[in-house]
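>>> Below are the sequence and a predicted model; questions follow.
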Amino acid sequence: MYPTLLALHSVIRWLVLAGLLFALFRAYRGWISERQFSRFDNSVRHWTATIAHIQLVLGLLLYFISPITTYFLQHFNQAVHQREPRFFGMEHSFMMVIAIVVITIGSTKAKQKTTDNGKFKTLVIWYTIALLIILTSIPWAFSPFTRRPNFRPFVLAKVAPPGQKWLKPDQKPWQTGAVPQRNYIQFYE
Ligand code: HEM
């Protein structure tokens, strides 16, 4: 369950980003060249928000089963000073909820606008803010801080990655400085 949810959450990040980028491309183009807000534009607005909502549900489910957030909640005073547990327990989750609220407000406001230009402009403003929050809150593989693979396979090997030792009982990867790797489950317990 946990590896599947984690892999789904990881892959849907690309759908969220693709949806937002496409919606923004159409919104900027429509706004600048004063186009008609078509039925297709309306579907793009709607589906972008829906994909974000699916990601929100997966994120909330993960929050309650992930060993990292469980550790964070159970050892709050200590974990709040540890980078990875704090990132997933607070920073990532909080910022992503905010971003999805921003997408929802933008989508609803755009729907309520009566002019085509008003709809495009509303989407431009709210979806741009959401995209910036999301881009800065993803644990990118290249991040110097908390990093995760860009593409996580659904089937994870339950062995320690080459060069990394098995963890001792109740030792967590973030306590060893080990970098989580693509094909391996986070916790080699
Ligand atoms: C647009 C919204 C979001 C995006 C793009 C996103 C993206 C990601 C990515 C790329 C990962 C790393 C996955 C991996 O290790 O392969 C991740 C992990 C995680 N996300 Fe999100 N996320 C979003 C929203 C949320 C929300 C709203 C929550 C909770 C309220 C959440 C909770 C988590 C948790 C708990 C993990 C870590 C799970 C673990 O490693 O055990 N995410 N997210």
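Yes, it's here. Residues are numbered from 1 along each chain as shown.
>>> so residue 86 touches residue 72, yeah?
Yes. Using C-beta atoms under 8 Å, residue 86 makes contact with residue 72 at a distance of 7.0 Å. Placement of C-beta: from N, CA and C, glycine included.
>>> For the ligand, what's its nearest residue on this structure.
When you check the chain against the ligand by C-beta to the nearest ligand atom, the closest residue turns out to be residue 59, at 2.4 Å.
>>> thinking again about what came up before, between residue 86 and residue 72, tell me which one has more neighbours.
Under the criterion of other C-beta atoms under 10 Å, the comparison of residue 86 against residue 72 puts residue 72 first, with 23 against 18.
>>> so what's the more buried one scoring on pLDDT?
At residue 72, the model reports a pLDDT of 88.
>>> by contact count, what packs against the host helix or strand of it?
Applying DSSP states H and E as the criterion places residue 72 in helix 67-74. Applying 3 or more C-beta pairs under 8 Å, 6 or more residues apart in numbering; DSSP states H and E, we find helix 67-74 packed against helix 39-65, helix 83-86.
>>> Mind checking what helix or strand follows it in sequence?
Helix 67-74 is succeeded, C-terminally, by helix 76-79 (DSSP H and E).
>>> quick one: buried residues of that following helix?
The neighbour-count check on helix 76-79 (16 or more other C-beta atoms under 10 Å) flags residue 79 as buried.
>>> ok, now stretch 104-112?
Across stretch 104-112, burial judged by 16+ other C-beta under 10 Å covers 104, 106, 107, 110.
>>> and if you look at stretch 122-133?
Buried, per 16+ other C-beta under 10 Å, within stretch 122-133: 122, 123, 124, 125, 126, 127, 128, 129, 130, 131, 133.
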